[in-house]
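Enquirer: Build the 3D model from these lines:
(one chain, ligands or ions: 1)
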Amino acid sequence: MSLQSDLHSRLDARAVLEHYGAQNCRDQAGPDGTTEIIHSCLIERVEPHHNNGDQNPSACLNVEKKLYVCYALGWGGDLLRLIQKMENADGLGDLELGGMLTGSVKKADDLRAEILKLMDRSSPDAVELPSYSEAILAPWMVSHPYMRDERGIGQSAHEALKLGYDPKINRIVFPHFFDGKLVGWQTRAIPSRPGWPGTTAQIPKYKNTPGFPKSETLYAYDLVARNRRVVVVESPMSVAKAYSLGIGNVVATFGAKVTDTQIQLLRDFPEVIVWFDDDPAGRAGERNLVQSLYRHTQTSAVAPEEGRDLGDYDDPTAVRSTLMNSIPATIILADYARAERYRS
Ligand SMILES: [Zn+2]
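Expert: Prediction:
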């Protein structure tokens, strides 16, 4: 058993919540007889993204599976990732790791070293991306009417992104390539419609292959010319829509939560235009990106049009003009600063 899985197996979910003083905890039945603890979001403390401090709890921790999710943020991960998020390398010395473990704590120093290694993204051991043979995609190389007719995803996007459909599970397939390798895929539920046999409402909307490197990569990154500007959106579906409208050089972060590794990747482009969804998580993600990028590269963000995301556009001219009218980072940050002064 590797040290990391040893650490993971010994972490006590309730002790971790107690350690961070989680509020408004209540148990509920999870899947397969497991227990979930609903509680006010802990990530809120390190990355505020709720309006009222999450008094109406949005976070959930599965006790047996040791999986954490904030439904508002759309971020989930195992307990180690949560601890990693709650601590930074500087604060780790004070971390009372022993109190969060079951069983013997004699290896606590080793375990601390292991967490440090996990946090150090530059460490070659920190992240090993999964890798699959591309042959696995062959049976799915068909397009579903949901993509063509309802989402307006055209043939060129299907070809460029190798989009597909898996009839066995009745879901759209978004393969994810990074550094020339197939590192996994996301599948998306198809809404139930008359004439589409077998489609029933499926939950969750998106499912990932095991170990899907959501935090360490960007979707469609391999297709972007490095010498140009890049548009960054939240979802693979938005990338597919952009390609359908003849707009390439678009990458996705797999959600509004953007990681340091993703920011590093984006910094290498001469120009970045942020086009996140028009909701609180999207606005928070946009702000984080603009603040993290503007000193390193020419950064701007698309002005939010109420309730309308890139996926809702059907006119390439409208998309191009929206991109051309993106707001420079300096103006966005000044607006944020003004809003904050106004509030206090
Ligand atoms: Zn949250």
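
Enquirer: burial measure for the closest residue to the ion within the stretch 151-300 of the chain, as a count.
Expert: Nearest to the ion, among the residues of the stretch 151-300 of the chain, is Ala281, at 8.9 Å (CB to the ion). Backbone N, C-alpha and C define where each C-beta goes, glycine included. In terms of burial, Ala281 registers 20 neighbours under the definition other CB atoms under 10 Å.

Enquirer: Quick check: it is in a helix.
Expert: Yes - per DSSP: H, G, I helix; E, B strand; the rest coil, Ala281 lies within a helix segment.

Enquirer: which residues touch it?
Expert: Under the criterion of CB atoms under 8 Å, 6 or more residues apart in numbering, the neighbours of Ala281 are His49, Ala72, Leu73, Gly74, Gly255, Ala256, Lys257.

Enquirer: from those, which are also near the ion?
Expert: With CB under 5 Å from the ion as the criterion, the members of the contacts of Ala281 in contact with the ion are Ala72, Leu73.

Enquirer: could you dump the contacts of Ala281 to CSV with pLDDT and neighbour count?
Expert: Output for those, formatted as CSV (pLDDT from 0 to 100; neighbours: other CB atoms under 10 Å):
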residue, pLDDT, neighbour count
His49, 79, 23
Ala72, 74, 22
Leu73, 71, 23
Gly74, 64, 17
Gly255, 93, 21
Ala256, 93, 24
Lys257, 92, 23
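
Enquirer: From the contacts of Ala281, which land in strands?
Expert: Mapping the contacts of Ala281 onto strands (DSSP state E) picks out no residues; all lie outside.

Enquirer: just the contacts of Ala281 now: which is nearest Arg341?
Expert: Arg341 lies nearest to His49 out of those, by CB to CB, at 20.6 Å.

Enquirer: for stretch 214-231, how far is the first residue from the last?
Expert: With CA to CA, to the nearest Å as the measure, the first residue of stretch 214-231 is 18 Å from its last.

Enquirer: before we move on, back to that, please convert the contacts of Ala281 to TSV, extending it with distance to Asp27.
Expert: Listed next are the contacts of Ala281 as TSV, based on distance: CB to CB, whole Å:
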residue	distance to Asp27
His49	25
Ala72	20
Leu73	22
Gly74	23
Gly255	27
Ala256	28
Lys257	26
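
Enquirer: for the protein, which spans come out with low pLDDT?
Expert: Counting by pLDDT under 70, the low-confidence segments of the chain come to 1-8, 74-76, 88-99, 101-128, 198-201, 344.

Enquirer: and the chain, what are its domains?
Expert: Split into domains by automatic domain parsing, the chain comes to 3-119, 134-339.

Enquirer: Which residue ranges of this structure form helices?
Expert: In the chain, helices defined by DSSP state H lie at 3-10, 13-19, 79-86, 108-119, 145, 155-161, 236-244, 260-267, 280-293, 316-324, 329-343, listed in chain order.

Enquirer: Deepest in the core, which of those is it.
Expert: helix 236-244 (a mean of 25; mean count of other CB atoms under 10 Å).

Enquirer: Packing partners of it?
Expert: For helix 236-244, the elements it packs on are helix 155-161, strand 171-178, strand 229-233, strand 250-252, judged by 3 or more CB pairs under 8 Å, 6 or more residues apart in numbering; DSSP states H and E.

Enquirer: With respect to Lys207, which of those lies nearest?
Expert: Counting by CB to CB, and looking across all of these, nearest comes strand 171-178 at 7.4 Å.

Enquirer: The closest one to helix 260-267, inter-axis angle?
Expert: Interaxial angle of strand 171-178 relative to helix 260-267 (axes from the mean of the first three to the mean of the last three CA atoms, to 10 degrees): 70 degrees.

Enquirer: relative orientation of strand 171-178 and helix 236-244 in degrees?
Expert: Computed by the same axes, to 10 degrees, the angle between strand 171-178 and helix 236-244 is 80 degrees.

Enquirer: What parts of the stretch 51-200 of the chain come near the ion?
Expert: Those residues of the stretch 51-200 of the chain that sit near the ion, judged by CB under 5 Å from the ion, are Cys70, Ala72, Leu73.

Enquirer: wait, doesn't Ser235 sit right on Ala256?
Expert: No - between Ser235 and Ala256 there is no contact under CB atoms under 8 Å: 9.7 Å.

Enquirer: Quick one: residues in contact with stretch 204-219.
Expert: Outside of stretch 204-219, the residues that reach it under the criterion CB under 8 Å, 6+ apart are 121, 127, 129-130, 132, 171, 174, 176, 178, 183-189, 232, 236, 239, 251-255, 259, 261-262, 265-266.

Enquirer: now those: which count as buried?
Expert: 171, 174, 176, 178, 183-189, 232, 236, 239, 251-255, 259, 261-262, 265-266 (16 or more other CB atoms under 10 Å).

Enquirer: Kindly tell me how buried His39 is, as a neighbour count.
Expert: Applying other CB under 10 Å, we find 20 other residues in the vicinity of His39.

Enquirer: I'd guessed it sits against Asn56; true?
Expert: No - in this structure His39 lies outside contact range of Asn56 using CB under 8 Å: 11.3 Å.

Enquirer: Could you tell me how far Tyr262 is located from Leu129?
Expert: Let me fix one detail, which is that residue 262 is Gln and not Tyr. Here the criterion is CB to CB, to the nearest Å. By it, Gln262 lies 14 Å from Leu129.
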